Structure formats: C-alpha cells, structure tokens
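> Let's see this in three dimensions:
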Amino acid sequence: MNKTLTNQKRLGVISPADFFSNESEKTKLNWFCFEFAAEIQGNVKKSLKKKLKKAGVSDEDLANFCIFYSKNMKPQILKRVAGIQENIQLSYLPIEQYFSSLSDKLVDDLLTVVENAWKNITDMCVMCPTRCISEKDRKADMFDDPAYYD
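Prediction:
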C-alpha cells in the first residue's frame, strides 16, 4: 500500500484497495462491497458519530467496521444470486462482533444505518449499468481508476 493510502486510512477513509489483495480480486462483487461500505459510512449522521466517539469509536474504527460489515455480506449475496437464499438478512450480530462494548442503543442505531445504506445502494443498482451483482465475477475496471484513490 502506498503512503497516500496509508495516510487516508488513518483519517478513516474507505479505499477500493481495502477490497482486493491481488488482481483476481478486482471483481464487480468486491466493487459492490466497496460501494456498500462507503454508503454505510456516508449514512452515519454527525449526531451518531458524536455518540460513537464518546463510546470510544474513532473515525478509523468506523471505517474499518464498514469494511468488515460489507465484506461479511458476500456469502449472503452469493447465496441469493445462486438461488439458495431468498432474502438478504441484515443483522446486528456483525455489529456486536466488531464492537463488543457498544450499548444496545448504539448497536440498533448502527443497524438502522446499515439498513438505510443497503436500501440506498440496492436502489441505485436498479439503474446502474455496471451490474456488479449479476456480473459478480467480472473484472471491475474502477479498481484501476486513480480517481478513486485521491
């Protein structure tokens, strides 16, 4: 990882580089996960950020949580696409797993953020020509676009 990406991570910025470790992982499904993680982070309102900071959650912790939650959705997405699972389940369990000391209220607030982010991202997918889910294994050229790393 280059110095710029390292500095961004310290500032709590989610990067596409968080979603691949080699060329074969630059897939549209991983791009979808990047966008979902960024959508989660973008849906955290200032008031919730304040409460999370008070509970000891830094901007970097929050960014890493968004990445964690998004990546944990991949198995469900794959089961849904394969017809094995009918619906996607958004759960509080990954939140409690990642932030074991948060109050039930903050866990509920974060789950609401995740639910809103999921609705937003899937609503956008309906009109998006990239087809990240239906073409999940194809290469996502966006991973190679330097504009996403600034």
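> Look at the residue most central in space within the chain and give its secondary structure.
Nearest to the mean C-alpha position of the chain, counting by C-alpha atoms, centre = their mean, stands Ala37 at 1.7 Å. At Ala37 the chain is in helix, as set by DSSP: H, G, I helix; E, B strand; the rest coil.
> Now do it against Phe65, distance only.
The span separating Ala37 from Phe65 equals 9 Å under the rule C-beta to C-beta, to the nearest Å. Yep, even glycine has a C-beta here, placed from its N, CA and C like the rest.
> Low-confidence regions, this structure specifically.
Along the chain, segments meeting pLDDT under 70 span 1-11, 150.
> Starting from Tyr92, give me the distance back to Cys125.
Taking C-beta to C-beta as the measure, Cys125 falls 24 Å from Tyr92.
> err, Asn64, not the other one
18 Å.
> and these two? which has more neighbours close in?
A count of neighbours by other C-beta atoms under 10 Å puts Asn64 above the other of Asn64 and Tyr92, at 18 against 13.
> what's the offset of the helix or strand where that one lies from the middle of its chain?
Secondary-structure element containing Asn64, defined by DSSP states H and E: helix 59-72. Distance of helix 59-72 from its chain centroid, counting by C-alpha atoms, centre = their mean, to the nearest Å, is 6 Å.
> so who does the nearest residue to Gly42 once chain neighbours are set aside touch?
For Gly42, ignoring the flanking residues on the chain, the nearest one in space by C-beta to C-beta, 6 or more residues apart in numbering is Ala117 at 7.5 Å. Ala117 makes contact with 36, 39-40, 42-43 under the criterion C-beta atoms under 8 Å, 6 or more residues apart in numbering.
> The residue nearest to the centre of the chain and Val44, how far apart?
From Ala37 across to Val44, the span is 12 Å (C-beta to C-beta).
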